[in-house]
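J.: Next come a sequence and a model predicted from it.
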Amino acid sequence: MNLAEIELIDRSGYVVARLHGEIDLSNAAHLQDAIAAGMPNSTLGLILDLSDAQYMDSAGIRLIYQLRERLRSRGQVLRLVIPAQAPAQDALRLAGVSGHIDTAPSVEEALAAFGA
Amino acid sequence: MCPLPLHDPMTEHYLPGAGQLVLAPAEPHLVRPDEARALFRLSDPALSELGLDEFLDELLIRARDALHVDTVAILLLDRDADELVARAAKGIEEEVEQGVRIPVGQGFAGRIAAERVAIFIEDVDHADVLNPILREKRIHSLLGVPLIVEGDLIGVLHVGSLTPRVFDERDLSVLQVAAARAAPGIERARLFSQLTHEHRLAVALQRSLLPKSLVQPPGIRTAARYLAASDEVGGDWYDVFELAGGRIGVTIGDVVGHGIHAAALMGQLRTALHAYATEGRDPAQTLELVDRFVHSLPGDAMATAAYAVLDPEQGTLQIASAGHLPPVIVGGGHARLVEIAPSPPLGAFPYGRFQQLEVPLAVGESLVLYTDGLVEQPGVPLNDSLAEMAAAIAPADTAEEVCQLAFEQLVPPAGVRDDVAMVVIQHAGLGEQLELRLPADPRMLVQLRRVLRRWLRERGASEQDVTEVTIAVNEACANSIEHAYSPQPAGFSVRGVVSANGNGEQLVITVIDEGRWRARRGENRGRGLRIMDAAMDHVEVRAAERGTEIEMRRRLRR
């Protein structure tokens, strides 16, 4: 009974990581490693889909920032998918980082924004 | 070398080995009546209740006195090793202390066992004697006879004299009578002590396979009882375990059969059920998988079982039963049987299917599972005993009281004929005030959030309150966990209270830990604190007696 599970799909040269479950201090570092390990060097970027994340807090925000740094050093970009009503938006809003993190409402729109 | 009073047909003699004489059976009438009486008492069945050690002790004293000898010893056959093992002795206690073992067929005692004959040795120094202790003790003459029960050799009884002695026919017949009287007693005592040994082993095994203590998640009360039948150990079991999503699994079962095998099978079934349940299967699916598991076991394993899952957030119970007695729900002074469509016991039919029922379990109500030993009474229809049990436990207010009432009123003072198990899980609710104490382990956070959400909803908080308070409290607790500092296993506590305050209701949550407050460093510096500030109306971090205390207030939005 894992707190969260990740599903990795390849979409037009991008990796879509769809997260189901909850992100907190207990699993954030592990999730970050698992996602990074699932990113081939040939991939253009990552779409982290948090639509199904039922809970997220500052540990999840840290995951996002650190993952973005990790990808940047490999020349890859990160885009987040979080619909307006999704629980992950609460964490971004309360932490006051909504203005600094771009989110797309769906994977399709995130891909379109990449021009894929 | 053997000046024996040997004459036909009483005694036939030849030289089987150096210095040994094989004696033909002597006539019992040579034994004096008083000796016979003394020896006869050796077969007194009451003696076997003494246990083997006491019985042998008594036997040896009587044989020694009857024959006026210096030593007497009993060796019992170890069938697996085909050896005689010194089991009891008088005058040559060293034999037993040193655990002397004599191979069947060799030496004095070994030949008595192998050939089932009486052997006399007049002079040990000139005879084929294997056991050095007999020489060291300076035993001069020996007489030994086989111990036989219903045609099976079980050991050897021998007596010895420190002075040269010619054991005559009368001595032989006394020893033979002693052996004949004693052998069944030995066998009975041995079986008895084996049985008590196995009983003790089965009890110990079964105890070790039952939960040491029951989980007591917040808002849930659990209680259980196990009463073993006095004569035979059964295969009853119960278990309570936590499942994903804050749900609680509770199970009970009864393996068909008794003794150590039933106890061992019980352990397997309990483990299998727990394992399948943890995999997220619902009660009916879990029982189906356990049923398949039972079919895969050798032999005719069979068991009844019931398995229920309580979802405290929803206040619902899912229950499935494999031929088990109906569960009972107790609360508000009433007790009602939960009727589940009949299903076969585990292991009864291939591909058994089990019905599942979902029923509400309100705050305060208890689910009661039990085994048949509690309700089965000779000559009383089952429905009557079930009604009697329901009436007995109906007044209970807590899980513990259910067990108390049931056992006080339904278990006869003389004990039970079959094992009795009972397990109760009560949906107690979290109460007015939240009081949690958790170990400083990040894996506890998910439980904290679940309990907190439940408590906030019970206190009438809105969904927005629930979401934002949960994330703020989680941040405070995550900080406590990251900076836990304590020589003992560190922990933290969370207290919550809602109080009327002017024009609304105010929530106050306090998180107290045993470490120093340090906001996370670097890029994440203060992000947790910022979330707490945003989610709550007022946040105060202060040094407490042993660590840090964070108090957070928020007016509930409703």
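T.: Looks like it arrived, so ask away.
J.: Show me where chain A has its helices.
T.: Assigned by DSSP state H, the helices in chain A fall at A:28-37, A:58-72, A:87-95, A:107-114.
J.: I'd like to know which of those is closest to B:Val104.
T.: When the helices of chain A are compared by CB to CB, helix A:28-37 sits nearest B:Val104, at 65.0 Å. Yep, even glycine has a C-beta here, placed from its N, CA and C like the rest.
J.: and that closest one, how far from the chain's centre?
T.: 11 Å (CA atoms, centre = their mean, to the nearest Å).
J.: What residues sit buried inside that helix?
T.: A:Ala28, A:Leu31, A:Gln32, A:Ile35, A:Ala36 (16 or more other CB atoms under 10 Å in any protein chain shown).
J.: need the contact list for the residue nearest to the spatial centre of chain A.
T.: Geometric centre of chain A, nearest residue: A:Leu48, 2.7 Å, by CA atoms, centre = their mean. Contact analysis of A:Leu48 by CB atoms under 8 Å, 6 or more residues apart in numbering or on different chains lists A:Ala17, A:Leu19, A:Ile35, A:Ile64, A:Leu67, A:Leu78, A:Arg79, A:Leu80, A:Val81.
J.: give me the number of residues near the fifth one?
T.: As a burial measure, the neighbour count of A:Leu67 was computed by other CB atoms under 10 Å in any protein chain shown and equals 23.
J.: circling back: between the buried residues of helix A:28-37, which is nearest chain B?
T.: A:Ala28 (9.1 Å; CB to the nearest CB).
J.: wait, isn't the closest one in contact with A:Arg62?
T.: Yes: at 6.4 Å, A:Ala28 counts as touching A:Arg62 under the criterion of CB atoms under 8 Å.
J.: and chain B, which residues reach chain A?
T.: B:243-244, B:278, B:280, B:442-443, B:445-446, B:449, B:467-468, B:470-472, B:474-475, B:478, B:481-482, B:520, B:523-524, B:527-528, B:530-531, B:534-535 (CB under 8 Å from any CB of the partner chain).
J.: rewinding a little: and the contacts of A:Leu48, which is closest to B:Gln433?
T.: A:Leu19 (35.2 Å).
J.: which ones are touching that closest one?
T.: By CB under 8 Å, 6+ apart, the contact list for A:Leu19 reads A:Ala4, A:Glu5, A:Ile6, A:Glu7, A:Leu31, A:Leu48, A:Asp49, A:Leu50, A:Asp52, A:Ala53.
J.: Give me the pLDDT for it.
T.: A:Leu19 is assigned 96 on the pLDDT scale.
J.: One more: B:Glu523?
T.: pLDDT, B:Glu523: 49.
J.: okay, and the helix or strand of chain B with the least pLDDT?
T.: The weakest-scoring helix or strand in chain B, judged by mean pLDDT, DSSP states H and E, is helix B:45-48 (a mean of 55).
J.: Also chain A?
T.: Result, chain A / mean pLDDT, DSSP H and E: helix A:107-114, a mean of 91.
J.: Now do that one: everything it contacts.
T.: Against helix A:107-114 from outside (CB under 8 Å, 6+ apart): A:11-12, A:14, A:16, A:44-45, A:47, A:49, A:77, A:79-81, A:104.
J.: let's see it at 10 Å
T.: With CB atoms under 10 Å, 6 or more residues apart in numbering or on different chains as the test, helix A:107-114 has contacts from A:9, A:11-14, A:16, A:18, A:44-49, A:51, A:77-81, A:102-104, A:106, A:116.
J.: what about burial for those residues, which qualify?
T.: Buried among these (16+ other CB under 10 Å): A:14, A:16, A:18, A:45-49, A:51, A:78-81, A:103-104.
J.: nearest to B:Arg221, of those?
T.: A:Ser51 (38.3 Å).
J.: And that closest one, what's its pLDDT?
T.: Note for A:Ser51: predicted pLDDT of 96.
J.: list the contacts for it?
T.: A:18-20, A:81-83, A:85-88, A:105-107.
J.: distance of it from A:Ala104?
T.: A:Ser51 sits at a distance of 10 Å from A:Ala104 (criterion: CB to CB, to the nearest Å).
J.: overlap in contacts of those two?
T.: Common neighbours of A:Ser51 and A:Ala104, counting by CB under 10 Å, 6+ apart, are A:Val81, A:Ile82, A:Pro83.
J.: want to throw those residues into CSV with pLDDT and distance to chain B?
T.: Output for the shared contacts of A:Ser51 and A:Ala104, formatted as CSV (pLDDT from 0 to 100; distance: CB to the nearest CB, whole Å):
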residue, pLDDT, distance to chain B
A:Val81, 97, 20
A:Ile82, 96, 15
A:Pro83, 95, 15
